[in-house]
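[1] Need coordinates for the following:
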Amino acid sequence: LHAVTDAFLSLLLVQCAGMVLLTGYTAVAAAVNAEVFPARVRAAGIGFPYSLTVALFGGTAPYVGTWFKQAGHAGGFPWYVAGLCLVSACVYCVLPETAKRPMER
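    Below you'll find the predicted structure:
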């Protein structure tokens, strides 16, 4: 967040760095979701948790960021985001390995 300034090049580089990180998720998301949930519940199994987390964390991020700023702890917001990333990493680490298992129909 410290790299973001009002200069176009700064915004472009930060945005490009974010997009590079995003590709790590989007490259494997469809395959992981297809392997984790059986076909009969796949839409609900993917849609509900995704919608819930986007609403809880993505929807409240502006509020939380503003709260940190008003409380005089603007540097705490990146730690909040890092904590959420750590929770995500823990979830990814406990996902079952499905490489050798046949896909459920």
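
[2] by contact count, what packs against the biggest helix by length in the chain?
    The helix spanning the most residues in the chain, taking DSSP state H as the definition, is helix 8-36. Contact analysis of helix 8-36 by 3 or more C-beta pairs under 8 Å, 6 or more residues apart in numbering; DSSP states H and E lists helix 42-53 as its packing neighbours. (C-beta placed from N, C-alpha, C; glycine too.)

[3] What mean pLDDT does the helix it packs on get?
    Per-residue pLDDT values over helix 42-53 give a mean of 90.

[4] So which elements touch that helix?
    Taking 3+ C-beta pairs under 8 Å, 6+ apart as the contact cut, helix 42-53 packs with helix 8-36.

[5] now the helix it packs on against helix 42-53, angle please.
    140 degrees (axes from the mean of the first three to the mean of the last three C-alpha atoms, to 10 degrees).

[6] heads up, I number from 558, so please use that
    I'll keep to 558 as the first residue from here, and by that count the last item is helix 565-593.

[7] Pull out the buried positions in helix 565-593.
    Glu592 (16 or more other C-beta atoms under 10 Å).

[8] pLDDT averaged over it - what is it?
    Rounded mean pLDDT across helix 565-593 is 88.

[9] just stretch 627-636 next, same as before
    The model assigns stretch 627-636 a mean pLDDT of 91.

[10] Contacts for it, please.
    Applying C-beta atoms under 8 Å, 6 or more residues apart in numbering, the contact partners of stretch 627-636 are Leu558, Val621, Gly622, Phe625, Lys626.

[11] How far does stretch 603-620 sit from its chain's centre?
    From the chain centre to the centre of stretch 603-620 is a distance of 10 Å (C-alpha atoms, centre = their mean, to the nearest Å).

[12] And stretch 615-623, by the same measure?
    On C-alpha atoms, centre = their mean, the centre of stretch 615-623 falls 14 Å from that of its chain.

[13] cool, stretch 586-600 as well?
    For stretch 586-600, the distance to the chain centre is 18 Å (C-alpha atoms, centre = their mean).

[14] how far does that stretch stretch from start to finish?
    One end of stretch 586-600 sits 14 Å from the other (C-alpha to C-alpha, to the nearest Å).

[15] List the ones among the contacts of stretch 627-636 that fall in helices.
    Using DSSP H, the contacts of stretch 627-636 in helices are Val621, Gly622, Phe625, Lys626.

[16] Thank you kindly, that will do.
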